[in-house]
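S.K.: pasting a predicted model and its sequence here:
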Amino acid sequence: MPYVTTTCPFCGCGCGLYLEVQGQRVVGAVPSLDHPVSQGRLCVKGWHAHELSATPQRFRTPLVRRNGELRDASWEEALDLVASRLGEIRAARGPGAVGVLGSARGTNEENYLLAKLARCCLGTNNIDFADRLEALPGLFDLPQHRHLTTPSLTVADLEGADLILLWQSDPSHEHPAVAARVMRAAEEGVTLLEVSTRRGQLGSLAQCHLSPRPGTDVYLVYGLLRCVFAHRPPSTPVTEALAEDVSDRSAERTEAVTGVSAELVDKAAELISRAQRPVIVCTRGVTSWQYSTELLNALSALSWVNDGALQPRPVILWLSRYCNLQGARDMGVVPYFVTGYQPVADEGTRARFSRAWGRELPAEAGLAAWDMLEQVRGMLVMGDDPVGRLPDPGRARRALRKLDFLAVIDILPTATTEAAHVVLPGASFAEKDGTFTSADRIVQQVRQAASPPGAARAEWKIVCELSSRLGYPMSYHSPGMVLDEIAALTPIYKGLSFAALEAGWGSHLSLTTEIAPPDLNGVDEETESVLHRALPAPDAEFPLVMTVDYSLQAWVDDPMVEGTVTLRRELGADRVPAWPVIQISAADAADSQLSDGQRVRLRSRTGEVQAVARLSGGVSPGIVVVPFAMREMVAQVMPSAPHPESGVPILPPCAVSVRKV
C-alpha cells in the first residue's frame, strides 16, 4: 500500500501527513513522525482528512441551473455559460460590476491564477476572499499597519519561549498541534498566562487567568504595560516613551474599566516583566472586534519591553483557522495588492506585472469581499463561502440571490452553492498538486494521491480553461510552472520551486521587515473617548454583556467537516440545536433562577430571541457567550457593524438580559 506525503487541509498549523492509497482510492491518513509541527501526532481532523475524497456529498459533474434547479451539464456547456455571462456583465456595466473570490483552502497556484484572471481577463481588482477578515486581520493588509504582521513567529518558537500568553485564543479547539506544545511547555515549567472571556481548556495550567469585560482588552494591555515598567524600569528611549504613554494606567484604574482585579493585573505584569522570550498566541478572537488595530499595536509594544529592546524580536504568533489563508493573501487575492503585498497603486509594480502578464493592470483598488456582495452584478467564487464565513450570513445570502449571475467552483455543497447559477466540481487536496503557506509562513507541498471523482477537475485547470474562453489563454502544464512564475514576480517567494521543496518539510519565507516602535496613540484622550463610547453599557434592564466566542464549536459550520461523516460526529456538527445555545456563569444563572439547559428569552436593545442557557464554570459573572457558528440565530440581538477604519464587518459585544421563558 503506497503512501503519499502531503499537508493537512484544515487549520493553518500546516501539519504533515501521509495518505494511504489503495488502487485509485485514498483509504487512510497517518501522521509524519519527523514533521516539525505535527511531530507524529494529528488531531481528529487530520486523522480523517482522507474521507474528503470519498464523501458522497462531493460534486462530481458540472451543474447548471434550469427552471430553478441545478442539473447536470457538460463541461463545455458550463464553462461557455460562465465565460459568456461574466463577459456580458463586464461589457454592459464595466469591470467594476464583476467580483471574484478566492479561497483560504485553495493552493497558492490556484489563487495566483484566479487573481491573474480577475485582473487580466475581467480588468478588475475586485478580487478577495471572505476569510481575509480574520487574518491579522483583513484590516492589517492596509500599508500603514504592515508592521503589525511582519515579521512573525513560527510554531517552533514556542519551544524556546519562557512565557506563553494566550490572548483570546483557545488552541485546544482550533489548533491542537499548538495546544500540545503549549501543554508540554507548561508542564516543563514555562510560564503560561491566559486572557480570555471564557477560560479555555489550557486555562487550568495557567498561573494567571484574566477575564476582561468584553471590549476592554486595549485597556488591559495598557494597564499591564504600566505595571510591567514598574517591575522593570525602562532603559532605552523607546521603552521610556512607552512608559510615559501608559504612566497613568494604574492597576486600580485598569480594574475599574476591565473588571480584572488590580492584584491579578500586577501579578501577571510581574511574570511578563521577568520574561526574556515571551510569545503571545493570537487567533481571530483578537482580530475580529472593533478596535483590533489598537489592541495589536499595544500587544506589539511587548516586543520592546525585554532587555533586547534595541533589537526587538517578534512576540506574536498568529494562527489562522484555514490551511492557506496566509497563502491566499500572499498570492494577491486582495483588492489593493498583487503578489507579495506589492501595491497595485504603485506604477512600477503595475508596469512589471503588465510586462510579465501581457495586459495592463487596473490601477484603482477593488472592493473587499464584504463590500463586493452588494455592489457587483456577477461573481466567480472559487472554494469560498461568504454566507458561511462572514459575520452576517443573512445579508450575504440575500446579496448572492440578487446577483445577475453567480458561478462557484467547489468540492462540496455550501450555502453559497445553493444560490449559484453554475457549479463547477473541483478537486480535494488529495487529488492535486500545489503548495500551501501555513500561518507561520512555511510553504509546503500538497501532492496528488488519487484522481478527482467523476468529471471533477483540479481548480487550476478550470481557471485556465475559463481564462481562455475570456480571451486570455493561460498555457500552464503543471502547478510547478505556476510556482516558478510566482517566484519570479514575488520577492518573498524568490527561489521557491517544487524541486526546492522536495527536500525536507517546506521552506520558511524570510521576512526582513524591521519592527517599528509602537505608537500608543490609543492612550490620547480623543481616541480613548471613542474607545469608551464603543463599550457595551449594561444597566438594570440589560445587566449582562454578550460576546462572540470564536473557539466554541469552531468547526461546526465548516463545509469540509459537515461533508465528512466521521468529523460531523466527532466535532458535533451533527448536533446543532434548533435554538441558539449561550453560556452563562453559575452566579448569573442563580440570580435569574435558571437551571442548566433551560429555555430562556435573550434580549438586547435591538431585539430578542429564545435560546438555551448552559451553565459554565469558565465564563465570568456578568458575561454571556455565544459561539460564532450561531451568530445568525442571534442576529436580532447582536447585529453586525462595520469596523470604523476598514469597513470589515464585526460583531461588537452588546448589553443583554436573560430571563426564563
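M.R.: Received it, and whenever you're ready, just let me know what you need. Numbering: from 1, shown residues only.

S.K.: what ranges do the strands span in the stretch 351-500 of the chain?
M.R.: Remark: strands assigned in the stretch 351-500 of the chain by DSSP state E, counting those that start in this stretch are 378-382, 405-410, 422-425, 434-437, 442-446.

S.K.: residue 547: which element?
M.R.: Applying DSSP states H and E as the criterion places residue 547 in strand 544-549.

S.K.: so how far is that strand from its chain's centroid?
M.R.: Centroid displacement of strand 544-549 relative to its chain, using C-alpha atoms, centre = their mean, to the nearest Å, is 20 Å.

S.K.: alpha carbons of the next helix or strand after that strand, as PDB, please.
M.R.: Per DSSP H and E, strand 544-549 leads on to helix 559-562 as the next helix or strand towards the C-terminus. C-alpha atoms of helix 559-562 as PDB (Å, rounded to 0.1, in the frame of the first residue of the first chain):
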ATOM      1  CA  PRO A 559     -18.400  22.500   4.900                       C
ATOM      2  CA  MET A 560     -15.500  20.100   4.900                       C
ATOM      3  CA  VAL A 561     -16.500  18.900   8.400                       C
ATOM      4  CA  GLU A 562     -20.100  18.800   7.600                       C
END
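
S.K.: can you give the contact residues for helix 559-562?
M.R.: Here helix 559-562 makes contact (C-beta atoms under 8 Å, 6 or more residues apart in numbering) with 9-10, 45, 52, 105, 385, 388, 410, 412-414, 555, 567-568, 571, 573. In short, each C-beta sits where N, CA and C put it, glycine included.

S.K.: just flag the most distant two among those.
M.R.: Greatest spatial distance in these: 410 and 571, 20.3 Å, computed using C-beta to C-beta.

S.K.: would a markdown table of the strands of the stretch 351-500 of the chain with mean pLDDT and mean neighbour count be doable?
M.R.: Written out in a markdown table, the entries for these read as follows (pLDDT from 0 to 100; neighbours: other C-beta atoms under 10 Å):
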| stretch | mean pLDDT | mean neighbour count |
| --- | --- | --- |
| strand 378-382 | 98 | 27 |
| strand 405-410 | 98 | 25 |
| strand 422-425 | 98 | 26 |
| strand 434-437 | 98 | 28 |
| strand 442-446 | 96 | 24 |
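
S.K.: so which of those strands is nearest residue 231?
M.R.: Of all the strands of the stretch 351-500 of the chain, the one in closest proximity to residue 231, counting by C-beta to C-beta, is strand 442-446 (35.5 Å).

S.K.: quick one, what contacts the residue nearest the centre of the chain?
M.R.: The chain has residue 134 as the residue nearest its centroid, 3.7 Å off, counting by C-alpha atoms, centre = their mean. By C-beta under 8 Å, 6+ apart, residue 134 lies in contact with 284, 287, 288, 320, 321, 325, 550.

S.K.: of the residues you listed, which belong to helices?
M.R.: Mapping those onto helices (DSSP state H) picks out 284, 287, 325.

S.K.: what about the strands in the stretch 101-250 of the chain?
M.R.: 127-128, 163-167, 191-195, 208-210.

S.K.: need the winner for burial among these.
M.R.: When you average the neighbours per residue for each of the strands of the stretch 101-250 of the chain (mean count of other C-beta atoms under 10 Å), strand 127-128 leads with a mean of 30.

S.K.: note down every partner strand of that one and its orientation.
M.R.: strand 98-101 (parallel) (DSSP bridges).

S.K.: ok, residues contacting the partner strand?
M.R.: By C-beta under 8 Å, 6+ apart, the residues outside strand 98-101 that reach it are 86, 89-90, 114-115, 117-118, 122, 124, 126-130, 366-367, 369, 372-373, 375-382, 384, 386.

S.K.: can you give me the first-to-last residue distance of stretch 395-408?
M.R.: 19 Å (C-alpha to C-alpha, to the nearest Å).

S.K.: so what touches it?
M.R.: Residues outside stretch 395-408 that contact it (C-beta under 8 Å, 6+ apart): 82, 85-86, 89, 373-374, 376-382, 386-387, 390, 414-417, 419-424, 640.

S.K.: give me that answer again for 7 Å
M.R.: Identification of contacts with stretch 395-408 by C-beta atoms under 7 Å, 6 or more residues apart in numbering yields 82, 85-86, 89, 373-374, 377-381, 386-387, 390, 415-417, 419-424.

S.K.: now it, how far from the chain's geometric center?
M.R.: 23 Å.

S.K.: give the buried residues for it.
M.R.: Using 16 or more other C-beta atoms under 10 Å as the test for burial, stretch 395-408 gives 395, 396, 397, 399, 400, 403, 404, 405, 406, 407, 408.

S.K.: out of those, who's nearest residue 153?
M.R.: Nearest to residue 153, judged by C-beta to C-beta, of those is residue 396 at 33.1 Å.

S.K.: my read: residue 612 touches residue 599, true?
M.R.: Yes - counting by C-beta atoms under 7 Å, residue 599 is a contact partner of residue 612 at 6.0 Å.

S.K.: more neighbours: which of the two?
M.R.: Using other C-beta atoms under 10 Å as the criterion, residue 612 and residue 599 rank with residue 612 on top: 16 against 12.

S.K.: so what pairs up with that one in the strands?
M.R.: Beta-bridge partners for residue 612, by DSSP bridges, are residue 581, residue 599.

S.K.: cool, and residue 642?
M.R.: residue 649.

S.K.: OK, contacts around residue 24?
M.R.: Residues in contact with residue 24 (C-beta under 7 Å, 6+ apart) are 450, 451.

S.K.: let me know the pLDDT of it.
M.R.: Note on residue 24: pLDDT of 84.

S.K.: roughly how far apart are it and residue 595?
M.R.: 54 Å (C-beta to C-beta, to the nearest Å).
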